[in-house]
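# Coordinates for the following, if possible.
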Amino acid sequence: MISLLHRFPLMIVGAVMVLTIVLLALFAPWIAPYDPADIDVSVILMPPSWQHWCGTDTLGRDIFSRMLYGARVSLAVGFVAVGISLALGLMFGALAGFFGGRIDAILMRMTDMVLCFPTFFLILAVIAFLEPSIWNIMIVIGLTSWMGVARLVRAEFLSLRQREFILSAQSLGVPPMRLMWRYLLPNAMGPILVSAVLGIAGAVLVESGLSFLGLGVQPPDASWGNILTEGKDTIQIAWWLSAFPGMAILITVLAYNLLGEGLRDYFDPKQNR
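Predicted coordinates for the structure are as follows:
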């Protein structure tokens with residue numbers, strides 16, 4: 001552990017931060033001092049105190065409790081959206097990189113066509129026609145963020161399919177699908193895992209932005225984005241409504257970025273000599 005910390009400090013620090021955030025989200029019902037939906041008009045816009053560590057909002061709800069439950073929403077969006085984008089990216093990238101030729105040209109032109117659209121505005125356009133819900137957000141983010149994964153997987157497969165162990169497996173008559181998923185994919189998992197971790201950070205930012213605009217998680221459900229929406233209207237008299245959820249988003253995105261950068265160093269062959 002000490003050796004890993006010395007060689008890959010970013011990975012260890014990022015992993016500890018991510019694990020802490022995940023544990024806080026998982027155990028939110030036991031950690032939160034108040035119900036996130038409880039309204040108490042006697043403590044409206046109370047500043048941070050021993051009673052309410054992060055203050056209260058315009059309805060007297062405890063911000064700390066709402067942030068803990070908001071972490072569950074943000075992390076769920078991140079994991080599910082990245083899962084969807086990984087599934088699509090792996091399918092398109094693996095087929096393009098393994099078979100090459102016309103299949104590669106068709107799939108990559110499709111990918112390039114989707115990449116031409118500004119992702120956030122594409123998400124806004126789709127969400128505008130759907131009922132705002134956490135599931136719609138997860139699906140839409142996943143369906144609009146697979147292109148980078150596809151291009152990465154394609155590049156890895158193009159590089160790996162010329163290696164000796166792949167050529168040997170082909171000469172032994174290993175079926176193409178088994179060759180892709182049993183031999184090629186495990187050897188390409190390092191960069192894919194890094195991309196997935198960084199993708200979670202991006203999904204958290206997108207979800208927060210959508211909720212801030214009122215197109216994401218709807219009140220009274222808690223989300224870091226919709227807490228910020230409330231904070232922008234009262235920032236001059238209730239700074240904590242903007243500061244604490246903003247810090248939560250910053251720390252979460254930083255944690256995943258540090259973990260992703262650390263994993264990239266860990267999987268780099270030059271670093272493991």
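
# Skip the chain neighbours and tell me the closest residue to Ile44.
Spatial nearest neighbour of Ile44, chain neighbours left out: Gly60 (4.7 Å); criterion: C-beta to C-beta, 6 or more residues apart in numbering. Backbone N, C-alpha and C define where each C-beta goes, glycine included.

# same thing with Ala25?
Of all residues not flanking Ala25 in the chain, Ala71 sits nearest, at 4.0 Å (C-beta to C-beta, 6+ apart).

# Please apply the same query to Leu130.
Asn136 (4.8 Å).

# Which residues outside stretch 90-109 are in contact with it?
110-111, 146, 149-158, 161, 176, 179-181, 184-185, 192 (C-beta atoms under 8 Å, 6 or more residues apart in numbering).

# Can you check the distance spanned by that stretch, start to finish?
16 Å (C-alpha to C-alpha, to the nearest Å).

# how far is that stretch from where the chain is centred?
25 Å (C-alpha atoms, centre = their mean, to the nearest Å).

# Tell me the buried residues in it?
For stretch 90-109, burial by neighbour count (16 or more other C-beta atoms under 10 Å) applies to Leu90, Phe92, Gly93, Ala94, Leu95, Ala96, Gly97, Phe98, Asp104, Leu107, Met108.

# quick one: which of those sit in helices?
Under the assignment DSSP state H, those contribute Leu90, Phe92, Gly93, Ala94, Leu95, Ala96, Gly97, Phe98, Asp104, Leu107, Met108 to helices.

# Just the closest of the residues you listed to Trp224, please.
Leu90 (29.5 Å; C-beta to C-beta).

# quick one: pLDDT of the closest one?
pLDDT recorded at Leu90 is 91.

# Count the neighbours of Pro36 for me.
Neighbour count for Pro36, taken as other C-beta atoms under 10 Å: 20.

# do you know how far the residue nearest the centre of the chain is from Asp265?
Centroid check for the chain by C-alpha atoms, centre = their mean gives Ile200 as the closest residue, at 1.4 Å. Using C-beta to C-beta, to the nearest Å, Ile200 is found at 18 Å from Asp265.
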